[in-house]
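Chemist: Coordinates for the following, if possible.
(2 chains)
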Amino acid sequence: MSAVAPWVAVPAVGGALVAGVYATGVLDALAGRRRAGRPLAVGDALSLPWRRACLLLVQRGVSTERPDASAWMLAPALYGAMAAAALTVVPLSEGRVVADLRTGIVVWGAAEMLAMVGVYLHGWSPNSAFPLLGAYRFVAQAVSFELLSMFVLIAAALPARSLQVTRIVESQESLWNVLRQPLGLPLFVVVTLGVAFWGPLNLPDGDDLAGGTGAELSGPARLAWEGSRAAWLVAASAMGAAAFLGGWLGPWLPGPLWMVLKTLALLTVTVWLGHRAARVRPERFVVSAWTVLLPLAFLDLVVAGVQALP
Amino acid sequence: MAVRFLTGAAARAPVPVFPVVGGGARDGVEELRLCPGIDVVASPRAATVLLVAGWLPAALRPAAAQVHDQLPHPRATVCWARGDLAAAAETFPAATVVPPDGDVVAVLKRVHRGLVTGERDSEASLLPHEPPSPWKGVGPHGQGGEGMMGGRPYGRPMPMTGPDRDGLALDRLPLRVGPFFPALPAGLVLDVVLQGDVVQEASIAANAFADAAAAAERAAVAPGFGDDPFRRALREPVGVPLLELARAGHHLRWAAATLRLHGLRAAALRTLSLAVGLTSDALPRLAALRRRLERDPTLRWATRGVGRVSAAQLPAGLGGPVARAAGVVRDARLDDPAYADLGFRPVTHDGADAWARFRQRLGEAEQSLRLAQAAQSGAPASVARDRVESPQGELSTASAPSGLLLGLVGDLLAGMEWGDAVATIASLDFDLEAQPAAQVGVTLR
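Modeler: This next block holds a predicted model:
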């Protein structure tokens, strides 16, 4: 286990997340335009997140009637900080990882759980009906996808015989987990959409709730919240790339570039799904998560376990 | 310097606009979504410009003022009004007024730029910053009625516990939604009691577009208002192509709004751009779009089984797509000789749910384009009739389909999750403006 100095770690994780969030904004604009059958206008899409962010910085915040002001301010910070914490255990390449913990997968799971607290707090604190409904929905959704997350990541850890993410990457030298455990990556994409409540799993901030937990947001608070959601999408895509697509492994190109490309590929898939798939009904998602997806995750674990037998 | 750099970029961002949709303005506001520099947002908190479009009955103006005050600073109002500019100016004294045929997009962009760069002052609140009712309570903390709970602090009842569908005792949250909630038809005010995400009780408050006062106002301020081809066909002959293109356009706009509600914004834009300036030449594109949407498993998953209204549950005398999606063959066009010449047969489906209504309307839109194409060659003109098939159903001077459907809402929504309740209301396609005043007292709970 190696330790990275904070003055390196904080800018590295922060920079990676900001770049990833910006890329998410650009990819989302391009995917939306393509799906709508409109001109892509790549130049416009490249500057769109920047212009939007500037507008939100210029716009002033608002308050609701008797909010829990400190909790409302802390919620995006907690949710976003958990994305950053989760990303620390994901290696960029061999030896380039902020926290190369032997318990990396456990840290990831803990961050996911605490993110749930952040989202709930965000819905609860403005003292407003639609954000509160969004918060209820997220709790139902999160308890349904978080077991999935743990099962598929433990399955990915089995061939490595370690919960350390760098070991998991190294264990895919001969064959990537996406082929060895074909159920793992699709299930982890569901987790990715769930934890960032993106596209079909945007239940807490859906349009039927006028934006749900984000319905009362304006100005910098909205920027922080939307940024944190995209940050989770980036962090989970990076984890997906490491756990299932062999992380930095690959021919010709340098390792870090492979990792970035694989993360961007997964990010593109999730952003595309966001435009391709309709929002699921909350109850239907919960029921199918427990009756279909969870058994599939068990099966994934069994497949990984049988292969790992000596 | 840095600030100017920031505001310069902010001024070039898509203008976040929250629309307050009044009478006659629904299509115009929908079309704004196609403009690249405009971002029609779902919450007033996200907007810089409040767009008050169309004609607002006096009863809705206080609610519009409330929406205004929810916008963050810097904020401004643009009134895109039809006929009643004075009334708009009275409620929104600082608003920029655009006539119906004016270039509203350019004005929205100019106002936004002025606000962000500081050339234009942000508008002050219209209403006093105080609770809707005074704090009334008893007990050491003024909390109200029963022990720690109960009472009506600031005029709003506290959520008391009650049994829920799983046999638990949970808080019941009474909530009034509307009249400008973006996921509901403009003007609809829904009173619900929620337990978590589940609607326990629902009722619809008075339709401010259709009561006697509104009818009188409308006649006074906006002559010729709401004169769509279907209402005109009640008075004078209107050609079949015109009626059918209007019907197809209506159904496509409805489909676009429904897709957006279910999170498919890009597909909604594609559908909307087909609806604008629709001609019968668009038939192949519409057929392709329809095939694509009807095969979308996620959309089917989101709407199948939602808001089922079987033929037996339908109000007596109801026709239109909602009835035809439940397998009822009822269509005022069947009695019209002009349609008989074209060999018209109504499209029907038998699911009776939101998914069936979606496919029903897309099917009818495609059929309408075929009828319009066929009628162009022979050009039979429909004669003036006492009953006309509007996109919502059978229209006459005394009754409109929305009037009949509104009465269903209360019983239908009870027990649904909120998302399903909103999807159900959308699938019934209410046109609150079309409801004649005579029908109002009869159908509302």
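Chemist: Could you list the buried residues of stretch B:406-418?
Modeler: For stretch B:406-418, the buried set under the neighbour-count rule, 16 or more other CB atoms under 10 Å in any protein chain shown, comprises B:406-410, B:412-414, B:416-418. (C-beta placed from N, C-alpha, C; glycine too.)
Chemist: Can you pick out the most distant pair from these?
Modeler: Pairwise distances across the buried residues of stretch B:406-418 (CB to CB) peak at 22.2 Å, for the pair B:Gly407 and B:Glu417.
Chemist: Just checking the helix or strand where B:Ala372 lies against chain A, any contact.
Modeler: Using DSSP states H and E, B:Ala372 maps to helix B:354-378. No. Interface with chain A: helix B:354-378 contributes nothing (CB under 8 Å from any CB of the partner chain), its closest point being 10.7 Å away.
Chemist: measure stretch B:393-404 end to end?
Modeler: 10 Å (CA to CA, to the nearest Å).
Chemist: how close does the residue nearest to the spatial centre of chain B get to B:Phe209?
Modeler: Among the residues of chain B, the one closest to the centroid is B:Pro185, at 2.5 Å (CA atoms, centre = their mean). Distance, B:Pro185 to B:Phe209, by CB to CB, to the nearest Å: 10 Å.
Chemist: Common neighbours of those two, please.
Modeler: With contacts defined as CB atoms under 8 Å, 6 or more residues apart in numbering or on different chains, the residues shared by B:Pro185 and B:Phe209 are B:Leu432.
Chemist: circling back: ok, of the buried residues of stretch B:406-418, which one's closest to A:Gly104?
Modeler: B:Glu417 (37.4 Å).
Chemist: Run through the residues that contact the closest one.
Modeler: A:281-283, B:197-199.
Chemist: And for B:His112?
Modeler: Each residue near B:His112 by CB under 8 Å, 6+ apart is listed here: B:11, B:15, B:48-49, B:76.
Chemist: one more time with 7 Å, if that's ok
Modeler: Listed by CB atoms under 7 Å, 6 or more residues apart in numbering or on different chains, the contact partners of B:His112 are B:15, B:48-49.
Chemist: got the residues of the stretch 201-310 of chain A near chain B?
Modeler: A:202, A:206-208, A:210-211, A:215-219, A:222, A:275, A:277-284 (CB under 7 Å from any CB of the partner chain).
Chemist: what is the mean pLDDT for the helix or strand B:Glu394 falls within?
Modeler: For B:Glu394, the host element (DSSP H and E) is strand B:393-395. For strand B:393-395, the mean pLDDT works out to 87.
Chemist: Which strands or helices does that strand pack on?
Modeler: Judged by 3 or more CB pairs under 7 Å, 6 or more residues apart in numbering or on different chains; DSSP states H and E, strand B:393-395 is in contact with helix B:320-324.
Chemist: B:Gly162: what secondary structure?
Modeler: Following DSSP: H, G, I helix; E, B strand; the rest coil, we place B:Gly162 in the strand state.
Chemist: Chain neighbours aside, what residue packs nearest to residue 267?
Modeler: In the absence of a named chain, chain A is used. Among residues not flanking A:Leu267 along the chain, A:Ser237 sits closest, at 4.4 Å (CB to CB, 6 or more residues apart in numbering or on different chains).
Chemist: that answer is for a different chain, and I need it for chain B
Modeler: In space, B:Ala267 is closest to B:Leu259, 4.9 Å off (CB to CB, 6+ apart).
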